[in-house]
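S.K.: quick one, fold the following:
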Amino acid sequence: MAIEKMSIAKALNESLRKAMETDPKVLIMGEDVGKLGGVFRITDGLQKDFGEERVIDTPLAESGIVGTAIGLALRGYRPVVEIQFDGFVFPAYDQIVTQLAKMHARALGKIKLPVVIRIPYAGGIGAVEHHSESPEALFAHVPGLKVVSPSNASDAYWMLQQAILSDDPVIFFEPKRRYWDKGEVDVDAIPGELHKARVTRSGTDLTLAAYGPMVKVCMEAAAAAAEEGKSVEVVDLRSMSPVDFDGLQASVERTRRLVVVHEAPVFLGVGAEIAARITERCFYHLEAPVLRVGGFHAPYPPARLEDEYLPGLDRVLDAVDRSLAY
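M.R.: Below you'll find the model as predicted:
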């Protein structure tokens, strides 16, 4: 068992390196991914080691990047596309939704599209407009796409390799403000299935469910609640499409309460679907309505105001208290 301590950014870099070493059909494409190594240096050193034919600096044209990746996938390659920032993905939304997500069904299953689209997402880095979006619900709503997000270095390392191995297109959201959070990675043992949720802290009174950047906030909230004698379980969903409703249901049936947390606006967000499904599945177990904590239904604010916009410890703990008060 080889355990290494690394940041999420380093884990993603090592994961890409491992995938490229294992399969010569794995290619990387995106703006500044080659010589620069990406704006967050996730692809640092890969063009130098694998060459410009496998780590390709593209023009500033997201629709063209994804369209090219679709063509490469049809020819047997496994392209990994980087969208430089979350807000830049929308010029490629047409290609993703009307082509990438539908081709497998359109061909009656005869063709596969193993394309991974990596997207640094969410806020917390003091960025300018279009650099702090959380558009995951827009993609999770689309049949034919898988949507995942790691919250720690181990999942970053393994989930990216699992996404690359998948024959389905995967939207891989990377929590940019967590890039430099460090954790242990067992580079020899896959920790679990790509779309399975994981209990990261056990508890008996209430379940906090989150993914990506909010898992750390929920862990901090659970620790703070424990000081007041409240036992809070934290579930890292890891996947937004499909959602591991069976795993989440098992937790909620134990704790009988659920609060769902994400950075994206609450209105029509991933938490809304989770609240509806868990209410259907666990109606006779629930002792309180499912509550949601998220961003406000407003455009992402200027950097100086983002601390007021982002769900933090106080807002999560307030939801915990409201749920336990029923």
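S.K.: which stretches of this protein form strands?
M.R.: 3-7, 26-30, 55-57, 78-82, 116-121, 146-148, 170-175, 182-186, 198-201, 206-210, 232-236, 239-241, 258-265, 291-295 (DSSP state E).
S.K.: show me what contacts the nearest residue to M219 once chain neighbours are set aside?
M.R.: Distance criterion C-beta to C-beta, 6 or more residues apart in numbering; nearest residue to M219, sequence neighbours excluded, is V234 at 5.6 Å. Quick note: C-beta positions are derived from backbone N, CA and C, even for glycine. Taking C-beta atoms under 8 Å, 6 or more residues apart in numbering, we find V234 in contact with 199-201, 203, 207-210, 215, 218-219, 222.
S.K.: how much space between V234 and W158?
M.R.: Distance from V234 to W158, counting by C-beta to C-beta, to the nearest Å: 20 Å.
S.K.: same deal with P301?
M.R.: The value you get for P301 to W158, if C-beta to C-beta is used, is 34 Å.
S.K.: next up, the contacts around the residue positioned nearest the centre of the chain.
M.R.: With distances taken as C-alpha atoms, centre = their mean, S149 lies nearest the centre of the chain, 1.6 Å away. Counting by C-beta under 8 Å, 6+ apart, S149 touches 121, 136, 172-175, 211-212, 238-240.
S.K.: outline the domain layout of the chain.
M.R.: Domain ranges of the chain: 3-186, 198-324, per automatic domain parsing.
S.K.: run the chain-centre distance for the longest one.
M.R.: Same thing as domain 3-186. Domain 3-186 has its C-alpha centroid displaced from the chain centroid by 11 Å (C-alpha atoms, centre = their mean, to the nearest Å).
S.K.: please apply the same query to the last one.
M.R.: Between the mean C-alpha location of domain 198-324 and the chain-wide mean there is a distance of 15 Å, by C-alpha atoms, centre = their mean.
S.K.: skipping its backbone neighbours, what lies nearest Y77 in space?
M.R.: Here the residue nearest Y77, using C-beta to C-beta, 6+ apart, is K25, at 4.9 Å.
S.K.: any idea how far the one you found lies from F172?
M.R.: For K25, the distance to F172 - C-beta to C-beta - is 18 Å.
S.K.: between the two, which has more neighbouring residues?
M.R.: More crowded of K25 and F172, by other C-beta atoms under 10 Å: F172, with 25 against 17.
S.K.: is that one in contact with M159, as I believe?
M.R.: Yes: using C-beta atoms under 8 Å, F172 makes contact with M159 at a distance of 7.5 Å.
S.K.: overlap in contacts of those two?
M.R.: Contact with both F172 and M159 is made by residues V148, according to C-beta under 8 Å, 6+ apart.
S.K.: who's in contact with the lengthiest helix in the chain?
M.R.: Longest helix in the chain by number of residues (criterion: DSSP state H): helix 8-22. Contact partners of helix 8-22, identified using C-beta under 8 Å, 6+ apart, comprise 6, 26, 28, 40-46, 49-50, 54, 78, 80, 118, 150, 152-154, 156-158, 160-161, 164, 174-175, 178-181, 183, 185, 187.
S.K.: quick one: buried residues of that helix?
M.R.: For helix 8-22, the neighbour count (16 or more other C-beta atoms under 10 Å) marks 8-16, 18-20 as buried.
S.K.: try stretch 300-307
M.R.: Buried, per 16+ other C-beta under 10 Å, within stretch 300-307: 300-301, 303, 306.
S.K.: distance check, E193 against A2.
M.R.: E193 sits 21 Å away from A2, taking C-beta to C-beta as the criterion.
S.K.: which of those two has more residues huddled nearby?
M.R.: More neighbours surround E193 than the other of E193 and A2, with 13 against 8 (other C-beta under 10 Å).
S.K.: so what's the more buried one up against?
M.R.: Taking C-beta under 8 Å, 6+ apart, one finds Q162 in contact with E193.
S.K.: kindly report the same for the one 5 residues further on.
M.R.: When the contact criterion is C-beta under 8 Å, 6+ apart, the partners of R198 are 191-192, 235-236, 238, 247.
S.K.: how about a cut-off of 6 Å?
M.R.: Shown in contact with R198 (C-beta atoms under 6 Å, 6 or more residues apart in numbering): D236.
S.K.: quick one: low-confidence residue ranges for the stretch 51-200 of the chain.
M.R.: Of all residues in the stretch 51-200 of the chain, none has pLDDT under 70.
S.K.: what ranges does it have for its helices?
M.R.: 62-74, 93-94, 103-106, 136-140, 153-165 (DSSP state H, counting those that start in this stretch).
S.K.: any chance of those in CSV, plus distance to D86 and mean neighbour count?
M.R.: Shown next, in CSV, are the helices of the stretch 51-200 of the chain (distance: least, C-beta to C-beta, whole Å; neighbours: other C-beta atoms under 10 Å):
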stretch, distance to D86, mean neighbour count
helix 62-74, 11, 20
helix 93-94, 12, 14
helix 103-106, 24, 14
helix 136-140, 9, 22
helix 153-165, 17, 24
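S.K.: from K216, how far out is the residue nearest to Y77?
M.R.: Distance from K25 to K216, by C-beta to C-beta: 35 Å.
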